[in-house]
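>>> requesting a structural model of the entry that follows:
(2 chains)
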Amino acid sequence: MRMYSGQELVRELSQAFGPSGCEDGVRAFIRTQIGASCDGMTEDRAGNLIVRIAGRGVDYDPAEERRLMVSTHMDEVGFMVREITDEGYLKFSLIGQTDPRVLCGRHVVVGEENRTVKGVIATKAIHMQTAEKRTKATPVNKMYIDIGAKSAGDAEKLVQVGDYATFDSDLVPFGKDGRYIKGKALGGRLACAALIEVIRYLHASSCELAYDVYFAFTCNREIGISGASVAAFTVNPTLAILTGATAVNDLPGVSPEARVAALGEGCVLSLADRQTLYDAGLTRFAARCAEEGGIRYQIKQGDSDTSDGAPLQRSMAGVRTVSLSVPVRYTHSAACVASYEDYQALLNLCKAVICGLKP
Amino acid sequence: MTLNQLIVSLCSLMTVSGNETCATQELQSLIGGAFDEMQVDALGNHLFIKRCGRPGAPKILVDTHLDEIGMMVTGIREGGFLSVINIGGVDTRILPAGEVAVYGKQTLYGVVATSPVHLLPAGDTEKLKPIGEMLIDTGYSKEELEELVPLGTPVGFRPVYTELAGGRLCGKGFDDKACGACAVFGIDAVPPRELAGDVYFLFSAFEETGSCGARTAGFGLRPDYALVMDVTHARIPDAEDRTLSPMGSGVSIAASAVTNRRLTRMTAELCRTQKIPFLMEAEPGNTGTNANVLGNAAEGIPTVLLSLPIKSMHSAAEVLGMEDAKALCQAVKAFISSREIAEVFGS
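The predicted model follows:
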């Protein structure tokens, strides 16, 4: 298996097939990319991958059992086939909170990780729509996937009810000097890439670690029934760092408060989301690490969105939790857009916080 | 080059109405070799001539349109976003988070911006913005864009092609350059001495904005008779109209007041005798194609309309069936070789 790093690692992860409940391919890929660069790797029965880097140095006391959990999710939004019509089209349901407005005309991949066919989410041509319909998003129950099958029998040779689908979308660097990247699943997968690089770094370096560090690559985040709670139960952490994406709305005409955060302004520190007030002390510590390390960061405006913060913070007897994320535009679409520099800021800040934490 | 490859090569070209001459060089190199001569006129019509070598032979016009729907840059906004308007009937439902190419001083990649649902007011989550309010994210600053993207720059869908099962091809621009590719294949398959006349293959301009290219080219050329080819809607499950041709049934031949009944009947008969799959399609009045204007150009041009059924017309993910495209090639070949038609309609 080839080892990837930098933008190639991001590309491979973004293009991997892994809607909620079907993360096997992503997990297998992450395992190969970490390989022997860790002190232990396990899968729990919920499908989470947990990777351990042992504590070391003067502040590390194995008797104290201090554990730091660093979490991201592997899954992505997608679709599930719910019916094959007589004409050979696929009716589907959403997996996760995809915006129906971004679905018409999108290329998709249908099946499972090792058995897929290409398809497209069909649209009724503009000529056949009434003026009123042209101003409204098509509801999901009116959409269907065309895989080219001519009949139900044709389609059943290729797919079955219960099959998964995701967007079929390549990773494209664009903008000035390729500073932005476009791809699917640029939420958890950006953080997956960052954590793989952090694990490799911690394994190769001799930096002191006051905590045993457990990296959790989790399942089912997008459907809201988070695997992160199971991972937290398994790890039983003292502290937790949640990584992922923050959906931003930094468009012309949107007021600065309503933008949430902005592309190119660095790693996002969240004070709160709709379910979680993050640990103020840890958040201040992360900000100080960023300042001392010359790492660009921004404080998220408002408390939009939900995350895996709540399941982490509320697990066991409670866990102090901090949130570090990459700002992403057009999340949950085939064309998520992120800044590569923001991704690097997340990676560097994760390293700085993990190595900087004292008992 | 296979038919599939020629369709993808031609449809990938940016030919948004008004920018037809941007493709002149590529057209010359892609299809010029199949013809004796190429001419480009004042409106951007591209005319390719293949001669039969007999003086006074009939002039046969084969028309498909070169232009495609798209957008045009009308403003540059803070943060590196572009405002656009549509050119022709762009399906706005496919635009949010869609991928585009901005054909400025260099070709830029762009994504159509959309706001996260959880940040929208409750009533706005199902609304689609009119195209004039949509923004294209380019990853450049406003100042850089002012240098790279002059106002009026054309914007097209990013060309991405996927082969689906059952010989289906999915991508942008099939309307109408896929028919153009079929025409070139059909014409190239006939040796000059077997042609029923001199063939004038017109890749016409401005169809999507009112068929004005075919109108003026028809007037200038005065062909003896004409074959127009355009895409038509294939049957889809959610269309009210159940008479649409199912994909895979071959060529659709239009019955219409704007086309010539006798020429239409003879063309259908030609398909029948040569076992080229076809269906008749009732288009009594306006066909929405260049046939509307060619029939009435100059002193009137006897015209027949053949169509290629596609799905999701005017989107970035149109779908065609290769078996239908192959049938269209055969129909073109039969039409331009037909001595019977030349005898009746040749001057």
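
>>> report the buried residues of whichever helix or strand B:Arg272 is part of.
Secondary-structure assignment from DSSP states H and E places B:Arg272 in helix B:261-273. Buried residues in helix B:261-273, counting neighbours by 16 or more other Cβ atoms under 10 Å in any protein chain shown, are found at B:263-264, B:266-268, B:270-271. (C-beta placed from N, C-alpha, C; glycine too.)

>>> then stretch A:126-141?
Applying 16+ other Cβ under 10 Å to stretch A:126-141 flags A:126, A:128-129, A:137-138, A:140 as buried.

>>> now tell me what touches that stretch from outside.
Among residues not part of stretch A:126-141, those counted as contacts by Cβ atoms under 8 Å, 6 or more residues apart in numbering or on different chains are A:91-94, A:100-101, A:103-104, A:123-124, B:89-93, B:125-128, B:130, B:233, B:239-241, B:288, B:313-315.

>>> how far out from the middle of the chain is that stretch?
Distance, stretch centre to chain centre, for stretch A:126-141: 31 Å (Cα atoms, centre = their mean, to the nearest Å).

>>> average pLDDT across that stretch?
Stretch A:126-141 shows an average pLDDT of 83 in the prediction.

>>> kindly report the same for stretch B:151-171.
Mean predicted lDDT for stretch B:151-171 stands at 97.

>>> skip the chain neighbours and tell me the closest residue to the residue in chain B positioned nearest to chain A.
Evaluated by Cβ to the nearest Cβ, chain B has B:Gly139 as its residue closest to chain A, separated by 1.6 Å. With Cβ to Cβ, 6 or more residues apart in numbering or on different chains as the criterion, B:Gly139 has its nearest non-adjacent residue at 1.6 Å, and that residue is A:Gly175.

>>> what's the answer for B:Leu164, then?
Nearest to B:Leu164 is A:Gly148, by Cβ to Cβ, 6+ apart, at 3.1 Å.

>>> I figured that neighbour hits B:Met247, correct?
No: if you go by Cβ atoms under 8 Å, A:Gly148 and B:Met247 don't touch, sitting 9.3 Å apart.

>>> lowest average confidence, helix or strand, in chain B?
helix B:212-221 (a mean of 92; mean pLDDT, DSSP states H and E).

>>> first to last residue in stretch B:16-23, what's the distance?
Stretch B:16-23 has an end-to-end distance of 10 Å (criterion: Cα to Cα, to the nearest Å).

>>> from the buried residues of helix B:261-273, list the ones also adjacent to chain A.
Counting by Cβ under 8 Å from any Cβ of the partner chain, nothing from the buried residues of helix B:261-273 sits close to chain A.

>>> dump those residues to JSON lines, plus pLDDT.
Below are the buried residues of helix B:261-273 laid out as JSON lines (pLDDT from 0 to 100):
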{"residue": "B:Leu263", "pLDDT": "98"}
{"residue": "B:Thr264", "pLDDT": "98"}
{"residue": "B:Met266", "pLDDT": "98"}
{"residue": "B:Thr267", "pLDDT": "98"}
{"residue": "B:Ala268", "pLDDT": "98"}
{"residue": "B:Leu270", "pLDDT": "98"}
{"residue": "B:Cys271", "pLDDT": "98"}
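
>>> go through those residues and name the one nearest A:Ala345.
B:Cys271 (63.8 Å; Cβ to Cβ).

>>> show me the contacts for that closest one.
By Cβ under 8 Å, 6+ apart, the contact list for B:Cys271 reads B:250-251, B:253, B:277-278, B:331, B:334.

>>> same thing but 10 Å
Remark: with contacts taken as Cβ atoms under 10 Å, 6 or more residues apart in numbering or on different chains, B:Cys271 is in contact with B:250-251, B:253, B:277-279, B:306, B:327, B:330-331, B:334-335.

>>> state the distance from the closest residue to B:Ile69 other than its chain neighbours to A:Arg106.
Ranked by Cβ to Cβ, 6+ apart and with sequence neighbours excluded, the top spatial neighbour of B:Ile69 is B:Gly88, at 3.4 Å. According to Cβ to Cβ, to the nearest Å, B:Gly88 and A:Arg106 sit 22 Å apart.

>>> settle it for me: which of these two has more neighbours?
Per other Cβ atoms under 10 Å in any protein chain shown, whichever of B:Gly88 and A:Arg106 has more neighbours is A:Arg106, with 26 against 19.

>>> contacting residues for that one?
With Cβ under 10 Å, 6+ apart, A:Arg106 has these contacts: A:98, A:119-121, A:123, A:143, A:145, A:167-169, A:184, A:333-335, B:94, B:97-99, B:316-317.

>>> now swap in B:Ala331 and tell me
By Cβ under 10 Å, 6+ apart, the contact list for B:Ala331 reads B:182-183, B:186, B:227, B:229, B:250-251, B:253, B:267-268, B:270-271, B:274, B:276-278, B:304, B:306.

>>> same check on A:Ser206?
For A:Ser206, the contacting residues are A:56-57, by Cβ under 10 Å, 6+ apart.

>>> for it, what are phi and psi?
Backbone torsions for A:Ser206, taken as degrees, to the nearest 10, come to phi -110, psi 20.

>>> pLDDT wise, what is it at?
Reported pLDDT for A:Ser206: 91.

>>> repeat that for B:Glu283.
Predicted confidence (pLDDT) for B:Glu283: 89.

>>> residue contacts, it?
B:232, B:252-259, B:289, B:291-292, B:305, B:307.

>>> apply the buried test to those and list what passes.
Buried residues within the contacts of B:Glu283, counting neighbours by 16+ other Cβ under 10 Å: B:232, B:252-254, B:256, B:258-259, B:289, B:291-292, B:305, B:307.

>>> for A:Thr42, give its distance to chain B.
Distance of A:Thr42 to chain B, computed by Cβ to the nearest Cβ, to the nearest Å: 34 Å.

>>> got the domain boundaries for the chain?
No chain was given, so I picked chain A. As recorded under automatic domain parsing, the domains making up chain A are A:6-76+A:184-356, A:78-167.

>>> nope, chain B please
Chain B breaks down by automatic domain parsing into domains covering B:3-68+B:172-345, B:70-157.

>>> ok, which of these comes nearest A:Tyr340?
Closest approach to A:Tyr340 among the domains of chain B (Cβ to Cβ): domain B:70-157, 10.4 Å.

>>> identify the residue nearest A:Ser37 in space, chain neighbours excluded?
A:His203 (4.1 Å).

>>> separation between that neighbour and B:Glu194?
Look at A:His203 and B:Glu194: by Cβ to Cβ, they are 73 Å apart.

>>> compare the two (neighbour count), which wins?
Counted by other Cβ under 10 Å, A:His203 and B:Glu194 do not tie: A:His203 has more neighbours, with 16 against 12.

>>> confirm that the more buried one sits in a helix.
Yes: secondary structure of A:His203, determined by DSSP: H, G, I helix; E, B strand; the rest coil: located in a helix.

>>> isn't it right next to A:Met41, touching?
No: contact criterion Cβ atoms under 10 Å: A:His203 and A:Met41 do not qualify, at 11.5 Å.

>>> any shared contact partners between these two?
Joint contacts of A:His203 and A:Met41 (Cβ under 10 Å, 6+ apart) are A:34-35, A:51.

>>> now A:Glu43: phi and psi?
The phi/psi pair for A:Glu43 (degrees, to the nearest 10) is phi -120, psi 130.

>>> actually, B:Glu144.
According to degrees, to the nearest 10, B:Glu144 has phi -60, psi -40.

>>> the one 3 residues further on too?
When read as degrees, to the nearest 10, the backbone of B:Glu147 gives phi -80, psi -40.
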